[in-house]
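1. got a predicted structure plus its sequence, pasted below:
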Amino acid sequence: MSINLARNRFSETARYESENPPSVSGAQLWKKLGAAASAAGITTVEHALTLYYTAASPNTPVWCKTVIYGALGYFISLIDGIPDLTPILGYTDDLAVMAGAIATIAAHITPEIRRQAQEKTAAWFKTDKKQTSQQGSN
């Protein structure tokens, strides 16, 4: 009986989330990325964009979007494990959370999404697309 109750709650939650997406908005993400891009670095920005574009894809399942919104919400949030203003270490916790989210949903990140994130990152940092993906893998 408890398994059926859990399934019903999960179904209701999934339906609610698909009809009412979380409050992490694209505007909030763009604002944070614009303000923090140089301090956060190429890898952090590329990870954030990869997650953002994956969430925007109509083929991404609800459970993946939940993981993505959690990671991006943490990145946007002012409440942090390591404050973003801390020299050198400021964005390491954000990067770790986003890397974990990417590892969790990797099967749903298409080559097109990766390319789009790399191109946008390269344009922001005025670098070669190959250079951003090489730095992103370090």
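-> In hand now; what should we look at?

2. hey, let's count contacts and neighbours off CA atoms from now on
-> Noted.

3. any idea how far Leu29 is from the nearest residue to Gly26 once chain neighbours are set aside?
-> Spatial nearest neighbour of Gly26, excluding adjacent residues (CA to CA, 6 or more residues apart in numbering): Tyr52 at 8.0 Å. According to CA to CA, to the nearest Å, Tyr52 stands 8 Å off from Leu29.

4. tell me, what's touching the two both at once?
-> Leu72 (CA atoms under 8 Å, 6 or more residues apart in numbering).

5. please enumerate the strands of the protein.
-> In the chain, no segments count as strands under DSSP state E.

6. find the least confident helix or strand in it, judged by mean pLDDT.
-> The helix or strand of the chain with the lowest confidence, counting by mean pLDDT, DSSP states H and E, is helix 2-19 at a mean of 48.

7. Thr92 - how many residues pack around it?
-> When neighbours are defined as other CA atoms under 10 Å, Thr92 has 16 of them.

8. per-residue confidence at it?
-> You'll see Thr92 listed with a pLDDT of 88.

9. OK, contacts around it?
-> Each residue near Thr92 by CA under 8 Å, 6+ apart is listed here: Ile82.

10. can you pull up the most central residue in the chain?
-> Nearest to the geometric centre of the chain sits Leu51, at 3.4 Å (CA atoms, centre = their mean).

11. my guess is that residue meets Gly70, correct?
-> No - the criterion here is CA atoms under 8 Å, and Leu51 misses it with Gly70 at 10.5 Å.
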